[in-house]
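Asker: here you go, sequence then predicted model.
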Amino acid sequence: MAHKDIRILFEIEGRCYEAVGFLAEGELSTNGDEMLRRASAENGGAIKGEDEAFLRKRRAKIPRELDPYWLVTDVRDPGDPRDVSCFVWESDRWYQSWNSLDDDWDDRCLVLRRCA
């Protein structure tokens, strides 16, 4: 299965989300702007604002099947709008982290979207 075909649905407290891939067949990485553009085709694109805050408060409920991935949102760091909020599994729990859209984003990353 190509990375762009990954779609992992999950629900937390009645809210449905999906973690989706964005890389074309054979592509190793892309920049963050292109990643978010590709994920914008459905369900309003990467989560923002209230949805990111909802998940940040409930990180422990993110399914373990997503542990291998960085989960990317479109919430920007007020101090650097090129940085976006991500959820990352380290050791034994999910952490909120920031990563630059200027970096290369690879198959270890999925974009979080709210299901319609």
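Answerer: Noted; the coordinates are in hand. Residues are numbered from 1 along each chain as shown.

Asker: element containing the residue most central in space within the chain?
Answerer: Residue closest to the mean C-alpha point of the chain, counted by C-alpha atoms, centre = their mean, is V72 at 2.4 Å. Using DSSP states H and E, V72 maps to strand 70-77.

Asker: partners of that strand, with directions?
Answerer: Next to strand 70-77 in the sheet, as set by DSSP bridges, lie strand 80-90 (antiparallel), strand 109-114 (parallel).

Asker: spatially nearest residue to A2, not counting backbone neighbours?
Answerer: In space, and not counting its chain neighbours, A2 is closest to E25: 4.6 Å by C-beta to C-beta, 6 or more residues apart in numbering. Where you see a C-beta, it was placed from the backbone N, CA and C, and this is true even at glycine.

Asker: check which helix or strand covers the one you found.
Answerer: Counting by DSSP H and E, E25 is found in no helix or strand.

Asker: for it, grab phi and psi.
Answerer: Dihedral pair for E25: phi -50, psi 130, per degrees, to the nearest 10.

Asker: wait, it sits on K4?
Answerer: Yes. At 7.4 Å, E25 counts as touching K4 under the criterion of C-beta atoms under 8 Å.

Asker: those two - which one has more neighbours?
Answerer: K4 (15 against 9; other C-beta atoms under 10 Å).

Asker: now the end-to-end length of stretch 25-32.
Answerer: 18 Å (C-alpha to C-alpha, to the nearest Å).
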